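S.K.: Have a look at this prediction, sequence included:
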Amino acid sequence: MNVLVIGGGGREHALAWRIAQSPRVERVLVAPGNAGTAEDAENVGVSATDFPGLVRVVRQNDVELTVVGPEAPLAAGIVDAFHAENLRVFGPTKLAAELEASKVFCKTLLRKANVPTAEFRTFDSAEEASRYLQDREDMPVVVKADGLAAGKGVMVCDDRHQALDAVRRIAQERQFGAAGDRLVIEERLHGEEASVLAITDGRTIVTLQPAQDHKPAYDGDRGPNTGGMGAYSPAPVVDDAMLHWIEEHIFVPTVHTMNRIGRPFRGVLYAGLMITGQGPKVLEFNVRFGDPECQPLVMRLQTDLVELLDLAVEGRLNEIDELEWDPRAAVCVVMASEGYPGQYSKGHPIRGLDEAAQLPDVKVFHAGTKRADGQVVTAGGRVLGVTALGENIAQAKRNAYSAVRCIRWRGAWCRKDISDKALQRPQVPGSS
Ligand code: AMP
Ligand code: GLY
């Protein structure tokens, strides 16, 4: 069959690369893609939010399955638009995608489903939120804009002064526009973060191996938040027993409650978790694969990804065999443009990609790249996701950084400590 992947980042390159390896697949198209997807698949010059354009691509190329990468088209209702045309698409409907698109909806649903999450209140105005902060004890809180704000609408505050400032920026100055129409103020949690993703057809839930992202820009988790500077899997902070617990106490009640309120969820349910002293608590849900968590996950996944996604679309996920994983670990190091996550320039030629590609157990996923005058040049803030397998996390890390050292362009940088949190954990006897 022919498959269309929507999006143009590292996640979409990883998905397209793995999908192209399926024995069931003839052609993989990516809209709009990047220089990497142009090599492992075929790019079509249609944007991820041009629904009529994407429907045309599907019809003209006999695409049987469309896989949506980013949240923006999901939140804008791409799945509903495809269903209206009788097209098969993997992802949640607009109503179900509100789990990510509205933090007020998400928190309210978590409460209804009795899923562990930080204590919270929601507010419709800056005045109401400020009054609440003034009246309560001065405690560390997190202030969140309700809507999508590219990961920037979350402000972790040490005290009342910072929290009032966050409320002002979100709800008065409108730094995130309409995303700040409503606010969530919640208890600040402490612990280590982990990402656990599950594929569901609304009935069966297939949990993937745990992963961990690195959101802050600089080593030691310092600096501004980014889309994610690297990821690895498995994440030893979540062991098998905890993974089962997460399935039972987080995914099952969430999927069940979405059904009960008439918003059945199909697609990837991504739980951003804080592993606290009282166990895992949900920080947020995303309704898609994480970027960069997707890169190490698909590097390790040995089950046919197309089979998995196709059965989810069919509502027949109960027929999938237990997932097969490469027992080795995978580490993805994001190489970024100078200045990211702030302002950066584009168009710098990237050298050393061929050299890196020759290293064993390495795959360089492209994110912000394009082809210009026969060369691969930078075209975004996060440029590459250099991903490697290794016998354990330490070896996967060494392999990934060996590949990073092959690659250069003007202003290229990366974090040097991706996966160190896993390495710093006390070794449990019997674990690798
Ligand atoms: P979110 O988009 O809701 O996942 O928030 C982005 C980041 O903010 C998370 O990855 C955490 O690092 C941090 N964060 C969000 N909520 C909390 C919380 N309740 N306590 C502590 N940190 C939080
Ligand atoms: N890696 C975090 C995200 O995809 O939102």
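M.R.: Ah, there it is. Fair warning: this is a prediction, and the values are worked out from it, not measured in the lab. Ligands and ions are numbered 1, 2, ... in the order given.
S.K.: Closest to the centroid, which residue in this protein?
M.R.: Nearest to the mean C-alpha position of the chain, by C-alpha atoms, centre = their mean, lies Gly290 at 1.4 Å.
S.K.: what about it, is that helix, strand or coil?
M.R.: Judged by DSSP: H, G, I helix; E, B strand; the rest coil, the three-state class of Gly290 is coil.
S.K.: And the residue of the stretch 251-400 of the chain that's closest to ligand 2?
M.R.: Gly290 (3.6 Å; C-beta to the nearest ligand atom). For glycine as for every other residue, the C-beta is placed from the backbone atoms N, C-alpha and C.
S.K.: Contact partners for that residue?
M.R.: Gly290 makes contact with 11, 195, 197, 211, 213, 228, 231, 270, according to C-beta atoms under 8 Å, 6 or more residues apart in numbering.
S.K.: Quick check: it vs ligand 1, distance?
M.R.: Here the criterion is C-beta to the nearest ligand atom, to the nearest Å. By it, Gly290 lies 11 Å from ligand 1.
S.K.: The residue of the chain positioned farthest from its centre and Lys107: what is the separation?
M.R.: Each residue of the chain has a distance to the centre, and by C-alpha atoms, centre = their mean the biggest one is for Asp135: 36.5 Å. For Asp135, the distance to Lys107 equals 20 Å [C-beta to C-beta, to the nearest Å].
S.K.: In the stretch 51-200 of the chain, what residue comes closest to ligand 2?
M.R.: For the stretch 51-200 of the chain, C-beta to the nearest ligand atom, closest residue to ligand 2: Gly151, 6.1 Å.
S.K.: Could I get the contacting residues of whichever residue of the stretch 101-250 of the chain sits closest to ligand 2?
M.R.: Of all residues in the stretch 101-250 of the chain, Gly228 sits closest to ligand 2, at 3.6 Å by C-beta to the nearest ligand atom. For Gly228, the contact set (C-beta under 8 Å, 6+ apart) comprises 213-215, 290-293, 334, 382.
S.K.: pLDDT added to these, as JSON lines?
M.R.: As requested, those are exported to JSON lines (pLDDT from 0 to 100):
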{"residue": "Asp213", "pLDDT": "96"}
{"residue": "His214", "pLDDT": "96"}
{"residue": "Lys215", "pLDDT": "93"}
{"residue": "Gly290", "pLDDT": "97"}
{"residue": "Asp291", "pLDDT": "97"}
{"residue": "Pro292", "pLDDT": "98"}
{"residue": "Glu293", "pLDDT": "98"}
{"residue": "Val334", "pLDDT": "98"}
{"residue": "Arg382", "pLDDT": "97"}
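S.K.: which of those are buried?
M.R.: 213-215, 290-293, 334, 382 (16 or more other C-beta atoms under 10 Å).
S.K.: could you pull out the strands for the stretch 251-400 of the chain?
M.R.: 267-276, 279-286, 329-336, 362-366, 369-372, 375-378, 382-390 (DSSP state E, counting those that start in this stretch).
S.K.: of all those, which lies closest to ligand 1?
M.R.: strand 279-286 (3.5 Å).
S.K.: Buried residues in the closest one, which are they?
M.R.: 280-286.
S.K.: Tell me where the stretch 101-250 of the chain has strands.
M.R.: 120-123, 141-145, 154-157, 183-187, 192-200, 205-207, 212-213, 216-218, 222-225, 230-233.
S.K.: which one of those strands lies closest to Ala329?
M.R.: strand 230-233 (6.5 Å; C-beta to C-beta).
S.K.: what pairs with that closest one, and is each one parallel or antiparallel?
M.R.: Paired with strand 230-233 in the same sheet, following DSSP bridges, are strand 212-213 (antiparallel), strand 329-336 (antiparallel).
S.K.: and the first one with ligand 2, contact?
M.R.: Think strand 212-213. Yes: using C-beta under 6 Å from any ligand atom, strand 212-213 reaches ligand 2 at Asp213.
S.K.: That strand near ligand 1 anywhere?
M.R.: No: using C-beta under 6 Å from any ligand atom, strand 212-213 stays clear of ligand 1, with a minimum separation of 7.6 Å.
S.K.: okay if I get the strands paired with strand 230-233 as JSON lines plus distance to Phe120?
M.R.: Below are the strands paired with strand 230-233 laid out as JSON lines (distance: least, C-beta to C-beta, whole Å):
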{"stretch": "strand 212-213", "distance to Phe120": "22"}
{"stretch": "strand 329-336", "distance to Phe120": "31"}
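S.K.: Those residues of the stretch 251-400 of the chain touching ligand 1, which are they?
M.R.: 272, 283-284.
S.K.: Tell me the one of the residues you listed nearest Trp409?
M.R.: Gly272 (31.0 Å).
S.K.: Tell me the predicted confidence for that closest one.
M.R.: You'll see Gly272 listed with a pLDDT of 97.
S.K.: contacting residues for it?
M.R.: Taking C-beta under 8 Å, 6+ apart as the test, what Gly272 contacts is 193, 195, 282-286.
S.K.: Ligand 2 next: which of those are close?
M.R.: Okay, of these touching ligand 2 (C-beta under 6 Å from any ligand atom), that's Asn286.
S.K.: Pull the most distant pair out of the contacts of Gly272.
M.R.: Glu193 and Phe285 (13.9 Å).
S.K.: relative to strand 382-390, how tilted is the longest helix belonging to the chain?
M.R.: Determined from DSSP state H, the single longest helix within the chain is helix 393-406. If you take axes from the mean of the first three to the mean of the last three C-alpha atoms, to 10 degrees, helix 393-406 sits at 140 degrees to strand 382-390.
S.K.: After helix 393-406, which helix or strand is next?
M.R.: Once the chain leaves helix 393-406, the next helix or strand it forms, by DSSP states H and E, is helix 420-424.
S.K.: buried sites along that following helix?
M.R.: So for helix 420-424, counting by 16+ other C-beta under 10 Å, buried means 420-422.
S.K.: Next, see if that helix gets close to ligand 1.
M.R.: No: figure legend: helix 420-424 not in contact with ligand 1 (C-beta under 6 Å from any ligand atom); closest approach 13.0 Å.
S.K.: what pLDDT, on average, does that helix get?
M.R.: So the average pLDDT for helix 420-424 ends up being 89.
S.K.: what's the distance between that helix and the middle of its chain?
M.R.: 21 Å (C-alpha atoms, centre = their mean, to the nearest Å).
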